[in-house]
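Engineer: Okay, structure incoming, though there's no sequence with it:
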């Protein structure tokens, strides 16, 4: 979407080779949160340059693309806390270990 200008869900579906329904449903979340601009009259979605810096450019100094892993990894590990308490500190799992399945 970066640099493409306004796109309908159908436009983006063709470009990404994903079914339009999935694209439309996926775009609803970032549009609702303001991460993607939505024009209801034209039914188009736009990734503004400022948004693209954060969400589409891995080399940008303001990129948040890895943020999901920073937030989710500790949350997944929280399930290990009761188990570690039961086993004691010498048996506790490492934060580097994969999350429980």
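Structural biologist: Yes, it's here. Being a predicted model, the structure only gives us computed values, none of them experimental.
Engineer: by contact count, what packs against the longest helix seen in the chain?
Structural biologist: As assigned by DSSP state H, the longest helix anywhere in the chain is helix 20-32. Applying 3 or more Cβ pairs under 8 Å, 6 or more residues apart in numbering; DSSP states H and E, we find helix 20-32 packed against helix 9-16, strand 37-39. Bear in mind the C-beta positions are built from the backbone N, C-alpha and C, glycine included.
Engineer: Using JSON lines, please lay out the ones you listed together with distance to residue 59, mean pLDDT and mean neighbour count.
Structural biologist: Converted to JSON lines, the helices and strands packed on helix 20-32 look like this (distance: least, Cβ to Cβ, whole Å; pLDDT from 0 to 100; neighbours: other Cβ atoms under 10 Å):
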{"stretch": "helix 9-16", "distance to residue 59": "21", "mean pLDDT": "94", "mean neighbour count": "16"}
{"stretch": "strand 37-39", "distance to residue 59": "23", "mean pLDDT": "93", "mean neighbour count": "14"}
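Engineer: can the ones you listed go into TSV with extra columns for distance to residue 3?
Structural biologist: Listed next are the helices and strands packed on helix 20-32 as TSV, based on distance: least, Cβ to Cβ, whole Å:
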stretch	distance to residue 3
helix 9-16	12
strand 37-39	14
